[in-house]
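> Prediction below, plus the sequence it came from.
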Amino acid sequence: MSPTRWLSLSSLMIAASFSSVCAQERWQRLPPAREAQFYAPRNKLEEFESRQQTVLIKGRTWVGTLRVQNGSVRVEATEIHDASNSRVTGVTVTIVAVDPDRSANEVRCLIDDVEIDPLIKAFDSVAKANETITKLTHFEVHYRTFADFEIMVFKQTTGGIAAAIEGGFFERTRLLLTLDELTKLRWMIAQAKDKLDEIK
């Protein structure tokens, strides 16, 4: 075998073994898949609901259900307390997306009492969005709570302005809304806050 061929073959073998070692090292650096139970609660309602070996008392008052193009969203005033009377309140927003090809997908978002006023202000801000907020052709305006409930207003590619809500941590579920439906949802969340204020 000529020295040139020997050198080429040696270089090729070294490169091949190096790439497998690099690939193996990269795989070892990837974080292992985690179960939902290992994620830390993101607000007080989630923290209370995830408590173990504790007697929890949950109270809910249904405020309303908004039916939209690809599903529905349900709003409930929520209270959780334990036997020692430690208590948290907030709003539960349940998003149910209906896909004709799959079964209905339900996502529950827990919004702490202290997050409700900023969320209502965000509803007012995003509802005012229009083409003047950017010089580019399309826009999106988003607001997300700690528990991953998100509202957005955007310019559609076909023209016109639409809204959407999303929820979920592992898999996001989105419902498309009109601006009028977004305003109705804002009203329902404000009503839930009023009910919570009544029981303080």
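Sure thing, it's come through.
> quick one: average confidence on whatever helix or strand Ala162 lives in?
Per DSSP states H and E, Ala162 falls inside strand 161-167. Averaged across strand 161-167, the pLDDT comes to 93.
> what stretches of this protein score poorly on pLDDT?
Residues of the chain that meet the criterion pLDDT under 70 lie in 1-39, 100-104.
> Check for me that Ala147 belongs to a strand.
No: looking at Ala147 with DSSP: H, G, I helix; E, B strand; the rest coil, it is coil, so not inside a strand.
> That one is in contact with Glu46, isn't it?
Yes: Ala147 is within contact range of Glu46, at 6.2 Å (criterion: C-beta atoms under 8 Å). Quick note: C-beta positions are derived from backbone N, CA and C, even for glycine.
> Identify the contacts common to those two.
Common neighbours of Ala147 and Glu46 (criterion: C-beta atoms under 8 Å, 6 or more residues apart in numbering): Leu110.
> Tell me which of those two has more neighbours.
Ala147 (22 against 18; other C-beta atoms under 10 Å).
> show me the contacts for that one.
For Ala147, the contact set (C-beta under 8 Å, 6+ apart) comprises Arg42, Asn43, Leu45, Glu46, Cys109, Leu110, Ile111, Asp112.
> Test my guess that the last one contacts Phe146.
Yes: under the criterion of C-beta under 8 Å, Asp112 makes contact with Phe146 at 7.2 Å.
> So those two - more neighbours on which side?
Asp112 (21 against 17).
> how near is the more buried one to Thr61?
Distance, Asp112 to Thr61, using C-beta to C-beta, to the nearest Å: 17 Å.
> Show the residue spans covered by the strands in this structure.
Secondary structure of the chain (DSSP state E): strands at 56-68, 71-82, 87-97, 105-112, 140-144, 150-155, 161-167, 173-177.
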